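Asks: take a look and give me a structure for this.
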Amino acid sequence: MNSGSHAPFSGPERAILVGVELPDATTDIESSLDELGSLADTAGACVVDRLTQRRERVHPALFIGKGKAADIAEKCSELKADLVVFDHDLSPAQVRNLERELGVRVIDRTELILDIFARRARTKQARLQVELAQLQYQLPRLRRMWTHLSRIEGGIGLRGPGETQIEVDRRRARTRIRDLERSLEHIQTRKSLETSGRKEFFTVALVGYTNVGKTALMNALTGEALLAENRLFATLDATTRRLDLPSGQSALLSDTVGFIQNIPHHLVASFHATLEEVREADLILHVVDVSHPERRSQVQSVDGVLLNLKCTDKPTLYVLNKCDLLEEGAKPMHLEQFEFSVLVSARTGVGLEALRNQIESRAEQNRVEMDVVLPASEGKVAAYIAEHGNVLERHYEDARVHLKARLLPRHAHRVRKMMAELTQCE
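Replies: Here you go, the predicted structure:
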């Protein structure tokens, strides 16, 4: 895991996890630490212990109490731990104080997630987005990298050579942030053009908590063989594939990065280009692991990100996945709890036909009915209507063909433009 103040570590780091239970906590501390352990494993660390503390408020200097810090320091020595990971966001001063007290490197939940994203980024876009998020996170923490200079002409603001180096680093970081933002703006523009070019199709976006089986579901629906690991954040880059519907029509299905509780806001902001598919989709499939004990809080976390993306008004279908993992006789999160939902298993195929029918039904609800009269010799418009819509009626009269069809609004708009061009040519 990356840190500006330490040399790269060879081999798996031995990590101790720390969680603090506060009065306003919305998730169970043990399940949250389970998830933190999965994140640490994904990042390549070996978890050797986990400690918790209940507090009314965080300690301003250490986040935890002095006594608990002493306990953790003893554990680090006893278990030969190299790293302590907090299941909370820490201030730069808290990290600095904790490292001094514990004698090992300390990172928080955000830094751990950023490290995983840096490891998982494959495309240029994902790498740029991760670098931007890392720089935005590290910028206020640059002082921590130069504490070894505090003995040189120290003072309130660390006057002296240290100040000059810190300011140089900050200036370089801000310059790089601006460069990355400009590069991502260009990608955003290109993405917008790409998604607008897909308007010929009904578009569907998969969203959900990380590791709920979105990619496995996409594979099952489209017949693809995309990477579907049983690990957090297996997918960082949006992938789009063609989905054949029961009527013979086609839709476009996009898989997106998985979300997580307390996802760093830097990441949400940085990944706006990747999440363009979600904002532009006609339908959102919110995939839920129906077998997970924390499924409700996971749904809330995803809904929070969708709110941030201004996507809460999008038509949404809840796909309750992994029903095959429910114990015999166990009551699932009943379909009635969601206005629109379907119970499926991407692994066994249960419910996939019902899901395809639901997607088709949503596509049909978006369609408009229109009457078109064409010269019988004009095949271009008729072929477009047949390809992109459902022809309800067709009859010929006086060398003209009369069509009644149902099309998506954008296809109906295209037909009207084609008809206007025909009229101009006559």
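Asks: check the gap between Arg57 and Val84 for me.
Replies: With the distance defined as Cβ to Cβ, to the nearest Å, Arg57 ends up 21 Å from Val84. No exception for glycine: its C-beta is placed from N, CA and C like everyone else's.
Asks: which one of the two has more residues nearby?
Replies: Looking at Arg57 and Val84 with other Cβ atoms under 10 Å, you find the greater number of neighbours at Val84, namely 25 against 9.
Asks: hey, what's that one bridged with?
Replies: Beta-bridge pairing for Val84 (DSSP bridges): Ile16, Val106.
Asks: gap between it and Asp324?
Replies: Val84 is 38 Å from Asp324, where distance means Cβ to Cβ.
Asks: next: Ala354.
Replies: Looking at Ala354 against Asp324, where the rule is Cβ to Cβ, the gap reads 15 Å.
Asks: pick out whichever of these two has more residues nearby.
Replies: Remark: of Ala354 and Asp324, Asp324 carries more neighbours, 15 against 12, as counted by other Cβ under 10 Å.
Asks: list the buried residues of the helix or strand containing Leu132.
Replies: Secondary structure assigned from DSSP states H and E places Leu132 in helix 124-138. Of the residues in helix 124-138, those with enough neighbours to count as buried (16 or more other Cβ atoms under 10 Å) are 125-126, 128-138.
Asks: what's the weakest-modelled helix or strand in the chain?
Replies: Among the helices and strands of the chain, helix 142-145 carries the lowest confidence by mean pLDDT, DSSP states H and E, at a mean of 54.
Asks: list the contacts of the nearest residue to Leu139 once chain neighbours are set aside.
Replies: Across the structure, with Cβ to Cβ, 6 or more residues apart in numbering as the measure, the residue nearest Leu139 apart from its sequence neighbours is Ala173 (5.2 Å). With Cβ atoms under 8 Å, 6 or more residues apart in numbering as the criterion, the residues that contact Ala173 are Leu135, Gln138, Leu139, Leu142.
Asks: surely the third one is in contact with Thr175?
Replies: Just to be clear, that refers to Leu139. No: counting by Cβ atoms under 8 Å, Leu139 stays clear of Thr175, with 11.5 Å between them.
Asks: compare those two (neighbour count), which wins?
Replies: Between Leu139 and Thr175, Leu139 has the larger neighbour count (other Cβ under 10 Å), namely 14 against 10.
Asks: so for the more buried one, what's the pLDDT?
Replies: According to the predicted model, the pLDDT of Leu139 comes to 83.
Asks: residue contacts, it?
Replies: With contacts defined as Cβ under 8 Å, 6+ apart, Leu139 is in contact with Arg170, Ala173, Arg174, Ile177.
Asks: ditto for Arg174
Replies: Leu139.
Asks: okay, the angle between the top helix by length along the chain and helix 124-138?
Replies: For the chain, the helix that runs over the most residues, judged by DSSP state H, is helix 161-197. Inter-element angle recorded for helix 161-197 and helix 124-138: 140 degrees (by axes from the mean of the first three to the mean of the last three Cα atoms, to 10 degrees).
Asks: helix 161-197 - what's its average pLDDT?
Replies: Within the predicted structure, the mean pLDDT of helix 161-197 is 77.
Asks: repeat that for stretch 247-262.
Replies: Averaged across stretch 247-262, pLDDT comes to 82.
Asks: also stretch 221-231?
Replies: Along stretch 221-231, the predicted confidence averages to a pLDDT of 71.
Asks: buried residues, stretch 18-26. List them.
Replies: Judged by neighbour count using 16+ other Cβ under 10 Å, the buried positions of stretch 18-26 are Val18, Gly19, Val20.
Asks: ah, wrong one, I meant stretch 286-296
Replies: Of the residues in stretch 286-296, those with enough neighbours to count as buried (16+ other Cβ under 10 Å) are His286, Val287, Val288, Asp289, Val290, Ser291, His292, Glu294, Arg295.
Asks: name the surrounding residues that touch that stretch.
Replies: Residues from elsewhere that reach stretch 286-296, judged by Cβ under 8 Å, 6+ apart: 27-28, 31, 206-209, 211-214, 217, 298-299, 302, 316-323, 325-326, 332-333, 343.
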